[in-house]
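Undergrad: Curious how this folds, go ahead:
(2 chains)
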2 protein chains.
Amino acid sequence: MERKEKMMREALREAKKAEAKEEIPIGCVIVMDGKVYARAHNLRQSKRVATAHAEILAIEKACRKRKDWRLNGAEMYVTLEPCAMCAGAIANARIDKVYFGAYEPKGGGVCSRFSILDDSGLNHVAEWEGGVLEEECSSLLKNFFRTRRQRADRESE
Amino acid sequence: MERKEKMMREALREAKKAEAKEEIPIGCVIVMDGKVYARAHNLRQSKRVATAHAEILAIEKACRKRKDWRLNGAEMYVTLEPCAMCAGAIANARIDKVYFGAYEPKGGGVCSRFSILDDSGLNHVAEWEGGVLEEECSSLLKNFFRTRRQRADRESE
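TA: Numbering: from 1, shown residues only, chains lettered A, B, ... in the order given. Down below sits the predicted model:
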């Protein structure tokens, strides 16, 4: 198995932790020197904080661990294309490269809606690649929303 | 004095707190029902965290206070045009309107580089107005960078 798929499986593991808490299942790992350096999953509902996306939480953990706001040399693996906020945070943190699973046509900040990593005006350009284990990352989200709709339908009957 | 100028003065007061800590002087307040609800200033260097911009810290404080990731009904006043990360966070938090002081031609996420508030794909559009007390907000930043350059020059002599 390629390294990027192995690392995306780590991100998927995080996404499943979110799902178990009834959070939208999105997971993220930050890799440094070929090893997982920080990991996080979406906690927006549990924390009741708008910024508590998997990517932001992982970046904050990695910065605290490194005692530096710069994460040069780091790679990020995330199950869904980052939104504008998270793409901006990736650029601000100077992460080298981002791999994401599913594309987010509505609000993706990497290529679908905005192209923030290509040049955020920060003299930092992050490389990126989408569609890594896309099917699995996407199914996890689709199943989550399907189950939630079915439950809502049952409750309204 | 108009309310928006009064509130921008509060944001400037925050920016000066950042300056006193040798942080880039950017300040922010979030207003709810006409009153300051949360206030914060840039703490990127002190916290050594890439996400510790004034706007993110203010949004997180306001969410914790309201116990909700949604800040509908809120206005934000910030001394500099938010970057992509912060503009994305404003959209994610569903803030109604943003007033900013100085424009950020290089990496502004509101109108200069990206137009994230106009439609982030999140079914939320935030209103915005730039140039509120622009001269004061801009001078504070220019003086900060001038002093820092002069000090660096002296130290290299």
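Undergrad: ok, now which ones touch A:His124?
TA: A:Ala91, A:Arg94 (Cβ atoms under 8 Å, 6 or more residues apart in numbering or on different chains). C-betas here are computed from N, CA, C, even on glycine.
Undergrad: quick one, phi psi at the residue most central in space within chain A?
TA: When Cα atoms, centre = their mean is applied to chain A, the residue found nearest the centroid is A:Val78 (3.4 Å). The phi/psi pair for A:Val78 (degrees, to the nearest 10) reads phi -140, psi 140.
Undergrad: Find the nearest non-adjacent residue to it, please.
TA: A:Cys28 (4.2 Å; Cβ to Cβ, 6 or more residues apart in numbering or on different chains).
Undergrad: What are the buried residues along the host helix or strand of the one you found?
TA: A:Cys28 is part of strand A:27-32 when elements are defined by DSSP states H and E. With burial defined by 16 or more other Cβ atoms under 10 Å in any protein chain shown, the residues of strand A:27-32 counted as buried are A:Gly27, A:Cys28, A:Val29, A:Ile30, A:Val31, A:Met32.
Undergrad: just the strands in chain A please.
TA: Secondary structure of chain A (DSSP state E): strands located at A:27-32, A:35-41, A:75-80, A:97-102, A:127-129.
Undergrad: quick one: which of those is nearest A:Asp119?
TA: A:Asp119 lies closest, by Cβ to Cβ, to one member of the strands of chain A: strand A:127-129, at 12.2 Å.
Undergrad: Next up, the contacts around the nearest residue to A:Asp33 once chain neighbours are set aside.
TA: Counting by Cβ to Cβ, 6+ apart, the nearest residue to A:Asp33 once its immediate chain neighbours are dropped is A:Gly73, at 7.6 Å. A:Gly73 makes contact with A:Met32, A:Asp33, A:Asp96 under the criterion Cβ under 8 Å, 6+ apart.
Undergrad: Okay, the first one and chain B: tell me how far apart.
TA: Summarising the geometry, the distance separating A:Met32 from chain B, computed by Cβ to the nearest Cβ, to the nearest Å, is 15 Å.
Undergrad: What residues are bridge-paired with that residue?
TA: A:Lys35 (DSSP bridges).
Undergrad: surely it meets A:Ala74?
TA: Yes: between A:Met32 and A:Ala74 there is a contact under Cβ atoms under 8 Å: 5.3 Å.
Undergrad: that older thread, so which of the buried residues of strand A:27-32 would you say is closest to B:Cys111?
TA: A:Cys28 (29.5 Å).
Undergrad: For A:Asn72, give its distance to A:Ile95.
TA: 8 Å (Cβ to Cβ, to the nearest Å).
Undergrad: beta partners for A:Trp128?
TA: A:Trp128 has these beta-bridge partners by DSSP bridges: A:Val98.
Undergrad: Now do the contacts for it.
TA: A:Trp128 neighbours (Cβ under 8 Å, 6+ apart): A:Lys97, A:Val98, A:Tyr99, A:Phe100, A:Val110, A:Cys111, A:Leu117.
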